[in-house]
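>>> Make a model of this:
(one chain, ligands or ions: 1)
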Amino acid sequence: MPSRVFDILRANRRRKPVCSCPVVTCTLEQMERVQASYPAAHKEAGAMAKLAEAAYKIVGFEGFRAPFDLCVEAEAFGCRIKPADGESPPSVFGPAFERWDEFFCPEDFFQKGRFPIVEGALRMLQSQYRDELPIYAGIAGPLTLASYLFGVEKVMKGMIKDPVAVGAILMKIAEFSGSYAQRLFAAGGNVLMLIDPTASGDLISAGIFQKFLLPAYQKIREIVPKPIVLHICGNTNRFLSFLPDSGFEGFSFEGPAVEVKSAKEAINQRMALVGNISTTDTLLFGDPAKVESEVKVALEQGIHIVAPSCGIPVRAPLENLRAMVEATEKYGMGE
Ligand SMILES: [Zn+2]
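Okay, the predicted model is just below:
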């Protein structure tokens, strides 16, 4: 029977909550157990699929997430990249473009960079698990990708000084992301995880969110007819109530900055709530008892999919991750 996650994302709020992790799941213990580690798991489809699979096979999370970094697209566009090591994924450290009109996506673009590796990993997961379990395909959100491509300062200043150009570039990026997402669905992903850390309320206002982000999200929605979960890091309280206008099925958010009860009130059943177990305080430095009590509170307040606040730290102990799964089963109520 297909995972409850799909029903929950289809707005069936009577379903029992489930522990499923659309943010990055990899830890050193999982790498060790499945013999697939960083940095190879960023560069080889087989290692990527194997390490993604560990989230289900070793931890017990419902489903898989790949890839494990946010710079696949930025890298192919020509951003400077700091390579991965044994504990950290690759990251962007220099923009690809100086001027807005330099943004260009050649026809054979998806043959370049690591796109074929990501598609290959999703294909392997799909061939083994079909659509019984969520296969979260992760891509960078439009503001995050724009900030990688042009530099965060240029984009942030541009939203004030050159709003027409920035609005237009965000729409072009959204179109690109929509077509990339379609490829990932064709390869085997069945839920899109759109990760937009630069859209954090710590960095942008509610006005900026409505003016620049919502239209870009709506463009992606228009192109992608499959389930989409949006993840934004940090404090998003000031624009929670606008999120459902994206048309996305789920919102993955960070606790304790965003409490489940505030998200529930603002979003009012229009999106599935995904989150918000603290990654550092609880999953990394806490113990199973602390995990259990935090999951219990999230469930009591109305979380639909129990997940970490953000990507899991690689040194988080396995027993804490398993405690998330057990506590969700123990305290979750529903069909
Ligand atoms: Zn995050």
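
>>> what ranges do the helices span in the protein?
All helices of the chain, identified by DSSP state H, fall at 4-9, 28-34, 40-43, 45-54, 72-77, 115-129, 142-150, 152-161, 163-187, 206-208, 214-223, 260-267, 288-301, 318-331.

>>> Ser241: which of those helices is closest?
Among the helices of the chain, the nearest to Ser241 by C-beta to C-beta is helix 260-267 (4.4 Å). Where C-beta positions appear, they are placed from N, C-alpha and C, glycine not excepted.

>>> Off-centre distance for that closest one?
Centroid separation for helix 260-267 versus its chain: 19 Å, with C-alpha atoms, centre = their mean, to the nearest Å.

>>> C-alpha coordinates for it, PDB please?
Output of helix 260-267 as PDB, limited to C-alpha atoms (Å, rounded to 0.1, in the frame of the first residue of the first chain):
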ATOM      1  CA  VAL A 260       3.800  24.000  15.200                       C
ATOM      2  CA  LYS A 261       0.900  25.800  16.700                       C
ATOM      3  CA  SER A 262       1.700  29.100  15.000                       C
ATOM      4  CA  ALA A 263       2.200  27.300  11.700                       C
ATOM      5  CA  LYS A 264      -1.100  25.500  12.200                       C
ATOM      6  CA  GLU A 265      -3.000  28.700  13.000                       C
ATOM      7  CA  ALA A 266      -1.600  30.700  10.100                       C
ATOM      8  CA  ILE A 267      -1.700  27.900   7.400                       C
END
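
>>> and that helix, what's its mean pLDDT?
Mean pLDDT, helix 260-267: 97.

>>> How about stretch 95-110?
The average pLDDT within stretch 95-110 is 95.

>>> what sits up against that stretch?
Outside stretch 95-110, the residues that touch it by C-beta atoms under 8 Å, 6 or more residues apart in numbering are 74, 76-80, 115-116, 119, 148-151, 154, 158, 162, 165-166, 168-169, 172-173, 176, 180, 183.

>>> and the helices of the chain as JSON lines, adding distance to Phe104?
As requested, the helices of the chain are exported to JSON lines (distance: least, C-beta to C-beta, whole Å):
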{"stretch": "helix 4-9", "distance to Phe104": "34"}
{"stretch": "helix 28-34", "distance to Phe104": "37"}
{"stretch": "helix 40-43", "distance to Phe104": "25"}
{"stretch": "helix 45-54", "distance to Phe104": "27"}
{"stretch": "helix 72-77", "distance to Phe104": "9"}
{"stretch": "helix 115-129", "distance to Phe104": "16"}
{"stretch": "helix 142-150", "distance to Phe104": "11"}
{"stretch": "helix 152-161", "distance to Phe104": "17"}
{"stretch": "helix 163-187", "distance to Phe104": "9"}
{"stretch": "helix 206-208", "distance to Phe104": "26"}
{"stretch": "helix 214-223", "distance to Phe104": "18"}
{"stretch": "helix 260-267", "distance to Phe104": "37"}
{"stretch": "helix 288-301", "distance to Phe104": "44"}
{"stretch": "helix 318-331", "distance to Phe104": "42"}
